[in-house]
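Student: Model the structure of this input:
(chains A and B)
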Amino acid sequence: MSARIGVITFPGSLDDRDAQRAIRIAGAEPVALWHGSHDLEGVDALVLPGGFSYGDYLRAGAIAALAPIMAEVKDAAAKGMPILGICNGFQMLVEAQLLPGGLIRNAHQQFVRRDQRLRVENNDTAWTSDFASGQEIVIPLKNADGGYIAAESELDRLEGEGLVAFRYLGVNPNGSLRDIAGLANERGNVVGLMPHPEHAVEEGFGPNTPAAMRSGLDGVPFFTSAIAAVVGAAA
Amino acid sequence: MPTIVVDVMPKAELLDPQGKAVSGALARLGVSDFSSVRIGKRFELTVEGEVGEDVLAKAREIADEILSNSVIEDVVGIEVVE
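Tutor: Residues are numbered from 1 along each chain as shown, chains lettered A, B, ... in the order given. Below you'll find the model as predicted:
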């Protein structure tokens, strides 16, 4: 039996289908879930996809974080289910206080889209175990509100406890403090990041690499890591 | 009809990219009277009937929990405007 990974669609989600496709490519069964429901349909893991839910009104991810299904997402997070928030999904996890800190408008005020180098800082999470510690990867990034902020003391705590999962390399694209691109919770089951791993899973559609245009596949290990976590938990 | 006005500002110690952009535009226009600009949000909550203590308490609650995010913003004012 293959792992079943749910992707929740919110009003204004853009990359829900891309996330479903990435899950299928990685070898799991994607399950489309709806924000207005209270039913996770028995999935083994969850992806909160990118996009601009509710037009980023109020604060990016803030209104989606109050959606009916988020009650079940919070319960699942507390029980250890692997949950990945990508871009707008990361913003939702932060607004739902499943991950600490906040995300504000990019420091340069502009939308940014680039193939972004990252370093995997923590490979001991449900979504990063198939990476080597310190591995450098390239993942497409596209966001308006990607500036990660938290109080200095909180940043020190995150660094000290190894909760910084990904850091920007080369260029800091949005003014994130300490070059933070993604975070994990203490248990390692909840991970959020601004870049989009679901856009780096298939030859011809990924970021450019020195080998060939659009050949980058560094997004695949996110999903295979979660599949391994789910299968490992069931065994 | 009475309205409860809630003002929310980005935390003083954090970068306010929008305010910074406006500040830069003013400098380019030669306006030098203002040393900085910060941009916040104003919410107007309309109330049918009287604003009792319970309604104000609810306004304070949603101001803290929904209208603002205490990690990045402060509620700087809640007042009733008739």
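
Student: Report the residue spans of chain A with pLDDT below the cut-off.
Tutor: Counting by pLDDT under 70, the ranges of chain A that qualify are A:1, A:235.

Student: And the residue of it that's closest to chain B?
Tutor: residue A:102 (3.8 Å; Cβ to the nearest Cβ). C-betas here are computed from N, CA, C, even on glycine.

Student: Next, give phi and psi for that residue.
Tutor: In terms of degrees, to the nearest 10, the main-chain angles of residue A:102 are phi -150, psi 160.

Student: you'd agree it is up against residue A:94?
Tutor: Yes - between residue A:102 and residue A:94 a contact is recorded at 6.0 Å, counting by Cβ atoms under 8 Å.

Student: Comparing those two, which shows the higher neighbour count?
Tutor: The neighbour comparison of residue A:102 against residue A:94 (other Cβ atoms under 10 Å in any protein chain shown) goes to residue A:94, with 27 against 23.

Student: moving C-terminal of the helix or strand containing that one, what's the next helix or strand?
Tutor: Element membership for residue A:94, per DSSP states H and E: helix A:88-95. Under the assignment DSSP H and E, the closest C-terminal helix or strand after helix A:88-95 is strand A:102-104.

Student: Three-state assignment for the residue sitting furthest away from the middle of chain B, please.
Tutor: Within chain B, residue B:30 marks the point farthest from the mean C-alpha position, 27.5 Å out by Cα atoms, centre = their mean. Secondary structure for residue B:30, judged by DSSP: H, G, I helix; E, B strand; the rest coil, is coil.

Student: Can you read off the pLDDT for it?
Tutor: For residue B:30, the model assigns a pLDDT of 96.

Student: Those residues of chain B touching chain A, which are they?
Tutor: Within chain B, the positions near chain A by Cβ under 8 Å from any Cβ of the partner chain are B:10, B:14-15, B:17-18, B:20-21, B:66-67, B:69, B:71-72.

Student: if we go to 6 Å?
Tutor: Residues of chain B lying close to chain A by Cβ under 6 Å from any Cβ of the partner chain are B:14, B:17, B:21, B:69, B:71-72.

Student: Would you mind putting these into TSV with secondary structure and pLDDT alongside?
Tutor: Shown next, in TSV, are those (DSSP: H, G, I helix; E, B strand; the rest coil; pLDDT from 0 to 100):
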residue	secondary structure	pLDDT
B:14	coil	79
B:17	helix	84
B:21	helix	89
B:69	coil	94
B:71	coil	90
B:72	coil	90
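
Student: among these, which two are most distant?
Tutor: B:21 and B:71 (21.9 Å; Cβ to Cβ).

Student: Those two: who's more crowded?
Tutor: residue B:71 (19 against 16).

Student: OK, contacts around the spatially closest residue to the more buried one that is not a sequence neighbour?
Tutor: Excluding the flanking residues, the one nearest residue B:71 by Cβ to Cβ, 6 or more residues apart in numbering or on different chains is residue A:102, at 4.0 Å. By Cβ atoms under 6 Å, 6 or more residues apart in numbering or on different chains, the contact list for residue A:102 reads A:149, B:69, B:71-72.
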